[in-house]
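Visitor: Here is a sequence together with a model predicted from it:
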Amino acid sequence: MPSPQQPLTANDQVQNLILDSADFEDFLNELARFSAHQVAGTGDDALCGITLLRDRKAATIGWSSDSAREVDEIQYSLSQGPCLTAAKEEREVHVPDLHRENRWGPDYATAVASHGLRSVLSVPFNLQGEAKAALNLYSDVPNKFDERATAKARGFTREISQALRLAVRFSLHTDSAANLRATLESRTIIDIAVGIVMAQNRCSQKAAVTILTEAASNSNTKLRDIARSLVDSVGGMGTRTHFQEPGLQADQPA
């Protein structure tokens, strides 16, 4: 009588994702969705993004949904936040409640909370020199990531770090590497847009990010699309758009 089949480990399942995915980008998105399901704890799945730091650039290279990518990009625009801290310093970062968070200033917490989110957990991967990366989990429930969920996320990232490390290394030697490079370079358009808003309004970087984030939220448009529209308009490829701080007249300096 055949013995019952042993359940697959997380690492086995991730390796299957690598084999079944069409390319590197597809694998990373599937990994983010799988991760969200694995470590969210009880209740609904969390949002999940995977941040990669390489060549002094940060980008979300895998996301469980567009919302997950959007909130990760807020941190990159501000150059600070839990996922960047987790990846750079290779340590866990827990935000129990964004309404009570000020470690990265009020702009970060306010911007992410405006997406209806309340708690964040970022756990680093161990890529052993290939690059630095972190798993970022978001929930609309405060105190979602308790010690049990955190321990689960810690064990999960430790178990799949080797698979992710191999996938990152392999991607650099295949045509799929273009997907990774394009993702890392795509946030440049947001940085340029932030600079334009700073010049237009004579405001700080943080204020410029807030202005763009509010414009995206008010128009129900993705942040990178708002940024591209602004950069294109200034470059003469479209109708000129001027984003300004609330309460200011069109040409009134901040």
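Guide: Here it is on my side, so go on.

Visitor: tell me the centre residue of the chain?
Guide: Asp72 (2.7 Å; CA atoms, centre = their mean).

Visitor: Apart from its neighbours in sequence, what residue is nearest Asn102?
Guide: Ala109 (6.7 Å; CB to CB, 6 or more residues apart in numbering). Placement of C-beta: from N, CA and C, glycine included.

Visitor: and that neighbour, how many neighbours?
Guide: 21 (other CB atoms under 10 Å).

Visitor: show me where the protein has strands.
Guide: 47-54, 57-63, 93-95, 119-124, 132-139 (DSSP state E).

Visitor: For Gln205, which of those strands is the nearest?
Guide: In terms of CB to CB, the element of the strands of the chain nearest to Gln205 is strand 57-63, at 15.5 Å.

Visitor: picking that back up, now mean neighbour count too, for the strands of the chain, in CSV please.
Guide: Below are those laid out as CSV (neighbours: other CB atoms under 10 Å):
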stretch, mean neighbour count
strand 47-54, 25
strand 57-63, 24
strand 93-95, 21
strand 119-124, 27
strand 132-139, 28
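
Visitor: Select from these the stretch with the lowest mean pLDDT.
Guide: Here the strands of the chain differ in mean pLDDT, and the lowest is strand 57-63 at a mean of 84.

Visitor: where does the stretch 1-150 of the chain dip in pLDDT?
Guide: In the predicted model, the stretch 1-150 of the chain carries pLDDT under 70 at residues 1-25, 40-45, 130.

Visitor: Domain map for this protein?
Guide: The chain breaks down into these domains under automatic domain parsing: 10-174, 188-234.

Visitor: Quick one: closest of the strands of the chain to Val197.
Guide: Closest among the strands of the chain, using CB to CB: strand 57-63, at 20.4 Å.
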